[in-house]
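1. here is my input; please provide its structure:
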Amino acid sequence: MKFPFPPGSLLYLAGGLSGLCVTVIGAGAGFLVDAWWGLGAGLVLGVGLFLVIVKTTVLLCTLQTRETLRSLTQGDAEGEATAHMVLHAVSLYEAAMFPLRPGGVSADERELRRAIAYRFAAREGLPQRVRVAAAEALGTIEQSRDVKQAQAAVWTLNEAVRDCRPGFIHLHDDQTS
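-> Purely as a prediction, here's the structure:
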């Protein structure tokens, strides 16, 4: 049987109907206990009970989702993300120091990219190997005027970032993965 509404809408409808049922049952029970005062108290208790049920359901779904995601990820996802962020910042700084055409990057932009790269390289949660490689790459970019030497330092940082990934397949002899 095919419904004309999307499944998400049907879930909202079912949730709303169950909330209405709990509220009506609470109001009816309150009315049986003490007429109109009981009706109001039962109504409030019914709505409160429904909200507690909804909150508990949302918390359980959140916990189940987190546990599922935790089982899918391997290693330190935050450290890996931070390492990729550092690699990106250092690469942008390298591009600012060695632009493709003379005068292509202003001094202000170069200084801003430098500050960002250094801030990212000093972030908490960064794996030690990446931290050392980033410091070496930044030092090489700062001190060297040789493009090849700077690219080699950034490539070393790239390798350190790749080593942070536990599921990464390492191939040798000029093969890529």
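
2. lowest average confidence, helix or strand, in the chain?
-> The least trusted helix or strand in the chain, going by mean pLDDT, DSSP states H and E, turns out to be helix 7-72, with a mean of 83.

3. what's the next secondary structure element after that one?
-> Following helix 7-72 in sequence order, the next helix or strand is helix 77-97 (DSSP states H and E).

4. now the element after that following helix, going C-ward?
-> Using DSSP H and E, the next helix or strand after helix 77-97 towards the C-terminus is helix 107-121.

5. and that next one, what's its mean pLDDT?
-> Taken as a whole, helix 107-121 has an average pLDDT of 91.

6. what's in contact with stretch 116-125?
-> Contacts with stretch 116-125, where a contact means Cβ atoms under 8 Å, 6 or more residues apart in numbering, come from 76, 78-79, 82, 85-86, 89-90, 92-93, 131, 134-135, 138. To be clear about C-beta, it is placed using only N, CA and C from the backbone, and glycine gets the same treatment.

7. buried ones in that stretch, by neighbour count?
-> Using 16 or more other Cβ atoms under 10 Å as the test for burial, stretch 116-125 gives 117-118, 120-121.

8. how far off centre is it?
-> On the basis of Cα atoms, centre = their mean, to the nearest Å, stretch 116-125 is displaced by 18 Å from the centre of the chain it belongs to.

9. quick one: pLDDT of the residue lying closest to residue 120 once chain neighbours are set aside?
-> Closest residue to residue 120 apart from its sequence neighbours, by Cβ to Cβ, 6 or more residues apart in numbering: residue 89 at 4.2 Å. If you check residue 89, the pLDDT there is 92.

10. number of nearby residues for residue 89?
-> For residue 89, the tally of surrounding residues (other Cβ atoms under 10 Å) stands at 22.

11. which ones are touching residue 130?
-> For residue 130, counting by Cβ under 8 Å, 6+ apart, the contacting residues are 82-83, 86-87, 157, 160-161, 164.

12. does it belong to a helix or a strand, and which?
-> Applying DSSP H and E, one finds residue 130 within helix 128-143.

13. I'd like the next helix or strand past that helix.
-> Elements were assigned by DSSP H and E; along the chain past helix 128-143, the next helix or strand is helix 147-163.

14. residue 40 is in contact with residue 26, correct?
-> No. Look at residue 26 against residue 40 with Cβ atoms under 8 Å: they stay out of range, at 10.4 Å.
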